[in-house]
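Asks: sharing a model that was predicted from the sequence below.
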Amino acid sequence: MRVAIMTAGSRGDVAPYTGLGHRLAQAGHEVTLVTHARFEPLVAGSGVRFHALPLDPRAELESPRGRGLHRSASGAGKLVRVVDLARRLVGRMTEDLLSAARDAEVLLLSASLAPLGHTIAEGLRMPSMGVYLQPLAGTREFAPAVLGGGRWGGTANRLAGHGVSLAVEHVFAATVPRVRERLGLPPLRSAAARRARERRHWPVHHGFSPLVVPRPRDWRPGLTVGGYWWPYDTEAQLPVRVQEFLDTGPAPVFVGLGSATVPDAGRLSAQVVAALRRAGLRGVIQRGWGGLAADGDDMLTIDDVPHALLFPRMAGVVHHAGAGTTAAGLRAGVPAVPVPVQFDAGFWSARLVALGVAPEAVPLRRLTVDALASALVRAIREPAHRERAGSLGARIREEDGAAPVLAALNRLDS
């Protein structure tokens with residue numbers, strides 16, 4: 001089948017789909033990844049085609065409006081800001097989404113594009129399904145992941161989940177009606193379209209491990225949790241300078257914030273280096289979109305290096321608790337110190353702590369040298385965290401998260 005995987009956002013919102021697409025292509029499907037042009041190198045050599053969307057997500061995050069996210073201390077405040085930002089941008093991607101869909105037979109839609117993608121699939125009379133990296137459907141078991149998770153009580157959790165769903169639909173409130181009219185569909189507001197998807201048990205596959213987030217018992221039929229989708233990596237070995245650094249001393253600690261931006265990269269970099277040295281640890285600092293950097297023989301600053309190659313060589317990982325980096329650390333079986341920045345990071349941080357892989361979270365807004373050094377000492381020096389991480393990592397590596405998606409496609413093709 002001709003399969004289009006559609007996603008928008010930062011690198012973490014794209015990389016897992018390169019591996020999922022590669023797996024589907026290996027099974028004989030013709031797969032195209034539809035996302036921002038800056039991520040085209042991620043599919044090189046994977047057998048996955050590429051269809052570029054406009055907009056540069058890094059440029060948007062570094063714009064005055066994007067940097068405004070840092071002015072919100074609460075998850076709800078950040079959600080309001082990002083919904084406003086996304087609503088201003090989504091219409092600029094519609095033409096390319098329609099063009100890519102017309103070349104496909106089935107659409108696989110990330111949460112960031114699902115309402116619009118589902119409308120396009122309906123208008124073109126083709127099947128579609130969700131492929132989500134976070135749990136978004138409301139549940140009594142935990143608060144919405146994009147608000148940091150937590151347990152507010154069953155009723156409050158469900159109500160908050162409903163509110164997040166409405167916020168997501170609001171992103172597309174202006175775009176979906178125009179697309180429906182253009183494709184000859186009857187008028188239907190975005191929220192009503194969501195309810196229709198739920199009544200029809202529109203299938204959504206979730207790309208995280210049930211060992212990390214078990215499927216909530218009160219989820220509707222059609223929502224499955226099958227396991228992680230690992231990014232496709234073209235590199236077979238670490239860069240020479242990284243290998244040489246690893247060979248010159250004890251295993252270091254990785255520190256990286258991925259695609260997260262920060263208000264003051266210089267100050268944060270100095271705090272990170274001071275905390276590592278206070279804990280008696282070497283560091284591998286990933287520059288990322290935040291621009292972290294470090295000097296000294298005991299520190300190495302890197303750009304993009306596949307986590308699958310790097311993390312197993314680390315004594316531990318300090319990261320922003322994005323879904324993809326959290327998964328990579330779990331897969332490697334190393335302890336973590338999550339430094340949540342925004343959105344679902346608080347949710348994944350809490351999971352790492354509850355699973356015993358991390359001693360505690362050190363939120364970016366409250367990060368100090370003392371707090372980070374203390375967490376590092378506990379994560380690296382206390383055997384329980386390494387033992388738990390190693391055991392869980394071995395079980396996660398045995399999962400096949402792509403299999404349920406492949407099976408669903410094969411049922412459509414039969």
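Replies: Alright, I've got the coordinates.

Asks: from here on, just use CA atoms for contacts and neighbour counts.
Replies: Fine.

Asks: touching, G130 and H205? I think so.
Replies: Yes. If you go by Cα atoms under 8 Å, G130 and H205 touch, sitting 5.9 Å apart.

Asks: pLDDT below threshold where in the stretch 101-250 of the chain?
Replies: Residue ranges of the stretch 101-250 of the chain with pLDDT under 70: 149-151, 189-195.

Asks: same thing but 50
Replies: Under the criterion pLDDT under 50, no range of the stretch 101-250 of the chain is flagged.

Asks: now do the helices in it.
Replies: For the stretch 101-250 of the chain, the helices defined by DSSP state H, counting those that start in this stretch cover 114-123, 154-171, 175-182, 190-199, 240-247.

Asks: out of those, which is the most enclosed?
Replies: Compared across the helices of the stretch 101-250 of the chain, helix 114-123 shows the largest average neighbour count, a mean of 22 (mean count of other Cα atoms under 10 Å).

Asks: what angle separates that one from helix 154-171?
Replies: Going by axes from the mean of the first three to the mean of the last three Cα atoms, to 10 degrees, helix 114-123 is angled at 60 degrees with respect to helix 154-171.

Asks: packing partners of helix 114-123?
Replies: Helix 114-123 sits against helix 94-102, strand 106-109, strand 128-132, helix 175-182, helix 190-199, with contacts defined as 3 or more Cα pairs under 8 Å, 6 or more residues apart in numbering; DSSP states H and E.

Asks: can you say which of the ones you listed is nearest to G28?
Replies: Nearest to G28 among the helices and strands packed on helix 114-123 is strand 106-109; the distance by Cα to Cα comes to 14.3 Å.

Asks: each with direction, which strands does that closest one pair with?
Replies: Under the criterion DSSP bridges, strand 106-109 sits next to strand 2-6 (parallel), strand 128-132 (parallel) in its sheet.

Asks: reformat the ones you listed as JSON lines; add mean neighbour count and distance to D370.
Replies: JSON lines is the format used below for the strands paired with strand 106-109 (neighbours: other Cα atoms under 10 Å; distance: least, Cα to Cα, whole Å):
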{"stretch": "strand 2-6", "mean neighbour count": "25", "distance to D370": "42"}
{"stretch": "strand 128-132", "mean neighbour count": "24", "distance to D370": "36"}
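
Asks: A315 is nearest to which of those?
Replies: Nearest of the strands paired with strand 106-109 to A315, taken as Cα to Cα: strand 128-132 at 30.2 Å.

Asks: per the record, what domains does the chain have?
Replies: Per automatic domain parsing, the structural domains of the chain span 2-228+399-413, 240-397.

Asks: which of these is buried the deepest?
Replies: Ranked by mean neighbour count, those are led by domain 240-397 with a mean of 20 (mean count of other Cα under 10 Å).

Asks: distance between it and the chain's centre?
Replies: 16 Å (Cα atoms, centre = their mean, to the nearest Å).

Asks: ok, which stretches of this structure are strands?
Replies: 2-6, 30-36, 49-53, 106-109, 128-132, 204-206, 223-225, 253-256, 283-286, 299-302, 316-319, 336-338 (DSSP state E).

Asks: for the ones you listed, could you give me CSV that also reports distance to A265?
Replies: Output for those, formatted as CSV (distance: least, Cα to Cα, whole Å):
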stretch, distance to A265
strand 2-6, 32
strand 30-36, 25
strand 49-53, 29
strand 106-109, 34
strand 128-132, 31
strand 204-206, 33
strand 223-225, 36
strand 253-256, 12
strand 283-286, 12
strand 299-302, 13
strand 316-319, 15
strand 336-338, 18
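
Asks: okay if I get the domains of the chain as JSON lines plus distance to T234?
Replies: JSON lines is the format used below for these (distance: least, Cα to Cα, whole Å):
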{"stretch": "domain 2-228+399-413", "distance to T234": "7"}
{"stretch": "domain 240-397", "distance to T234": "9"}
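
Asks: from L166, how far off is W219?
Replies: 17 Å (Cα to Cα, to the nearest Å).

Asks: nope, G258 is what I was after
Replies: 28 Å.

Asks: D247 too?
Replies: Distance from D247 to L166, counting by Cα to Cα: 51 Å.

Asks: again with R217
Replies: 22 Å.
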